[in-house]
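Engineer: give me a model of this one.
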Amino acid sequence: MKLTLKVWRQRDAVDSGRLATYDIEADEDMSFLEMLDVLNEKLILSGEEPVAFDHDCREGICGACSMVIDGQPHGPQRATTTCQLHMRHYNDGDTIVVEPFRSGAFPVIKDLVVDRGAFDKMIQAGGYVSANTGSAPEAHSTPVPKAAADRSFAAANCIGCGACVAACPNGSASLFLGAKLTHLGEMPQGQPERYDRVVNMVQTHDDAGFGGCTNTGACAVACPKEIPLDVISQLNRDYLAATVGGKKKG
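Structural biologist: Numbering: from 1, shown residues only. Next comes the predicted model:
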């Protein structure tokens with residue numbers, strides 16, 4: 001199929017950037033990233049700078065391949081990362097616009113690559129549990145209700161791609177934050193630091209420049225791992241308990 005690509009090109013963080021237009025032929029069995037590989041081969045052979053974009057596993061696991069395709073984070077297919085989007089979902093003659101994730105907390109490094117280090121800072125602020133070293137405890141020594149385990153595992157599916165931020169009109173990372181707090185807060189191992197965790201991570205979220213949540217739900221729609229919106233409710237409950245309820249230890 002013959003396609004027209006409009007790709008965001010930006011030399012560095014201070015460059016104003018622009019959309020560059022390219023014509024390309026692609027096979028319907030290609031993934032979206034393979035199509036970009038073909039474009040880059042064409043650019044290199046013609047002596048032009050290839051398009052910079054993040055990628056790693058190309059299996060929908062790592063969350064690195066984050067870009068906005070035709071105005072939608074990761075593209076038009078629900079519950080699918082960019083690397084798992086295939087060209088069979090497009091038609092001959094289509095025009096596709098490819099841009100980086102847009103957020104003040106995700107500055108553009110080059111072309112489609114953004115700095116998502118703000119997510120790492122939130123994890124450093126509280127996305128962990130403290131545990132004694134030594135041999136693993138006996139599996140049945142800490143009972144966990146089935147519903148809590150299921151909810152924890154569902155929240156742990158978050159791959160930290162940042163689609164929730166790109167989709168949110170406020171640039172909020174509340175879905176990411178709620179997912180990390182829920183997957184630890186539902187388990188017994190996460191209880192000792194539960195309320196210190198939420199206060200520290202919310203403070204880091206705000207300091208990074210992310211916006212506030214107004215419950216538009218756009219984040220959950222864009223999430224490739226279908227993290228449920230109600231993890232933000234868990235975030236709010238824990239934050240109120242820690243601050244108004246006085247459960248924070250620190």
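
Engineer: in stretch 36-48, what's buried?
Structural biologist: 36, 37, 39, 40 (16 or more other Cβ atoms under 10 Å). To be clear about C-beta, it is placed using only N, CA and C from the backbone, and glycine gets the same treatment.

Engineer: sorry, slip of the keys, the one I care about is stretch 209-225.
Structural biologist: For stretch 209-225, by 16+ other Cβ under 10 Å, it's 210, 211, 213, 218, 219, 220, 221, 222, 223, 224, 225.

Engineer: hmm, who's touching it?
Structural biologist: 60, 63, 72-74, 78-81, 103-105, 118, 157-159, 161, 163-175, 226-229, 232 (Cβ atoms under 8 Å, 6 or more residues apart in numbering).

Engineer: if you set the cut-off to 6 Å instead, what comes out?
Structural biologist: Contacts to stretch 209-225, defined as Cβ atoms under 6 Å, 6 or more residues apart in numbering, come from residues 73-74, 79-81, 104-105, 157, 159, 163-164, 167-168, 170-175, 229, 232.

Engineer: for stretch 60-72, what is the average pLDDT?
Structural biologist: Per-residue pLDDT over stretch 60-72 has a mean of 95.

Engineer: actually stretch 232-250, not the one I typed
Structural biologist: Rounded mean pLDDT across stretch 232-250 is 87.

Engineer: do the same with stretch 98-114
Structural biologist: 97.

Engineer: how long is it from one end to the other?
Structural biologist: End-to-end distance of stretch 98-114 (Cα to Cα, to the nearest Å): 14 Å.

Engineer: mind listing what's buried in it?
Structural biologist: Result for stretch 98-114 [16+ other Cβ under 10 Å]: buried residues 98-101, 103, 105-114.

Engineer: wouldn't residue 110 be in contact with residue 52 here?
Structural biologist: Yes - using Cβ atoms under 6 Å, residue 110 makes contact with residue 52 at a distance of 4.4 Å.

Engineer: so of the buried residues of stretch 98-114, which ones are in strands?
Structural biologist: Among those, the ones falling in strands (DSSP state E) are 98, 99, 108, 109, 110, 113, 114.

Engineer: which ones are touching residue 226?
Structural biologist: residue 79.

Engineer: can you confirm it is in a strand?
Structural biologist: No - Residue 226 sits outside any strand when classified using DSSP: H, G, I helix; E, B strand; the rest coil, being coil.

Engineer: distance check, it against residue 159.
Structural biologist: 11 Å (Cβ to Cβ, to the nearest Å).

Engineer: again with residue 134
Structural biologist: For residue 134, the distance to residue 159 - Cβ to Cβ - is 30 Å.

Engineer: just the strands in the chain please.
Structural biologist: Using DSSP E, the strands of the chain run over residues 2-9, 18-25, 68-69, 72-73, 95-99, 108-110, 113-114.

Engineer: among those, which is nearest residue 186?
Structural biologist: When these are compared by Cβ to Cβ, strand 72-73 sits nearest residue 186, at 26.4 Å.
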